[in-house]
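Participant: no FASTA, just this:
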Ligand code: ATP
Ligand code: PRP
């Protein structure tokens, strides 16, 4: 009996753009132009590997339930995810940014009784609770930078790269919660059942990441 394909859940957008060159070095190129294609399941040059193209925040769910064997998504998304059904064997070193607390320029630093708007309620609650700060967390799905400008929240917890988005909205990063990059994740059961194939893929990607790091240096 032939084994079924390994399925990799790929976060579309900027992560996919950075991940495709790494996959190419591992001998995996999509059979379609992903910029043009509307297909959600895509064959690759490796007959044993397929891609599913989904939102970054859905990647852990697909992999956690075993609908995909592996996934590629941001550490921010993984920190927010509540399940413990994943391994995270490889930092791909792509889509680098940081998760930060930000507020209006000149505002008082985070103290008690704070309203914080974020796409990351779990991370935000944990972060302020660990500092003994009572924070009311308001869940948003995007454009967090708007919240302090119109009085919805005192602070935001959001991703910062160049800082341009914060600056354009009169905000400034006050504290870094952690550095972010994208990770390879693996379903725990798949790792047992399809161990040799998955381990091989991890190792070729590890080599590709090491090569990308040394050529960037
Ligand atoms: P979702 O589809 O989950 O709502 P999104 O539409 O915000 O996410 P992106 O903005 O492409 O999608 O972000 C996906 C991931 O890319 C983030 O989870 C993070 O890991 C990384 N990322 C986001 N913004 C940046 C940035 N400015 N610089 C580098 N990496 C980033
Ligand atoms: C991300 C993130 C920040 C911005 C930070 O947004 O949510 O708003 O990048 O990057 P910067 O510090 O370089 O400005 P993105 O550009 O992905 O837009 P979206 O999440 O609102 O779609």
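Facilitator: Right, received. Where do you want to start? Keep in mind the model is a prediction, meaning the values are calculated, not measured. Residues are numbered from 1 along each chain as shown. Ligands and ions are numbered 1, 2, ... in the order given.
Participant: would you say residue 191 is within a helix?
Facilitator: Yes. Counting by DSSP: H, G, I helix; E, B strand; the rest coil, residue 191 falls inside a helix.
Participant: the strand ranked longest in the chain vs ligand 2: in contact?
Facilitator: The longest strand of the chain (DSSP state E) is strand 171-180. No. Strand 171-180 lies out of reach of ligand 2 by Cβ under 6 Å from any ligand atom, never closer than 8.6 Å. C-beta coordinates here come from the backbone N, C-alpha and C atoms, glycine included.
Participant: after that strand, which helix or strand is next?
Facilitator: Where DSSP states H and E defines the elements, the next helix or strand beyond strand 171-180 is strand 182-187.
Participant: quick revisit: so which elements touch the longest strand of the chain?
Facilitator: When contacts are defined as 3 or more Cβ pairs under 8 Å, 6 or more residues apart in numbering; DSSP states H and E, strand 171-180 packs onto helix 75-80, strand 97-104, strand 155-160.
Participant: reformat these as TSV; add mean pLDDT.
Facilitator: Below are these laid out as TSV (pLDDT from 0 to 100):
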stretch	mean pLDDT
helix 75-80	98
strand 97-104	98
strand 155-160	98
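Participant: any idea which of the ones you listed is most buried?
Facilitator: Highest mean neighbour count among those (mean count of other Cβ atoms under 10 Å): strand 155-160, with a mean of 24.
Participant: strands paired with it, and their directions?
Facilitator: When pairing is defined by DSSP bridges, strand 155-160 lines up against strand 97-104 (antiparallel), strand 114-118 (parallel).
Participant: of all these, which lies closest to residue 159?
Facilitator: Among the strands paired with strand 155-160, the nearest to residue 159 by Cβ to Cβ is strand 97-104 (4.8 Å).
Participant: does that closest one come close to ligand 1?
Facilitator: Yes. Strand 97-104 reaches ligand 1 (Cβ under 6 Å from any ligand atom) through residue 97.
Participant: run through who's touching that strand.
Facilitator: 76, 79, 109-110, 116, 120, 123, 127, 145, 148-149, 154-161, 166, 170-180 (Cβ atoms under 8 Å, 6 or more residues apart in numbering).
Participant: got the angle between it and strand 171-180?
Facilitator: 160 degrees (axes from the mean of the first three to the mean of the last three Cα atoms, to 10 degrees).
Participant: distance to ligand 2 added to the helices and strands packed on strand 171-180, as CSV?
Facilitator: Below are the helices and strands packed on strand 171-180 laid out as CSV (distance: least, Cβ to the nearest ligand atom, whole Å):
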stretch, distance to ligand 2
helix 75-80, 9
strand 97-104, 6
strand 155-160, 4
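Participant: make a markdown table from those and add distance to residue 195 to it.
Facilitator: Listed next are these as a markdown table, based on distance: least, Cβ to Cβ, whole Å:
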| stretch | distance to residue 195 |
| --- | --- |
| helix 75-80 | 22 |
| strand 97-104 | 33 |
| strand 155-160 | 34 |
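Participant: mind checking which of the strands paired with strand 155-160 is nearest residue 207?
Facilitator: That would be strand 97-104 among the strands paired with strand 155-160, by Cβ to Cβ, at 24.8 Å.
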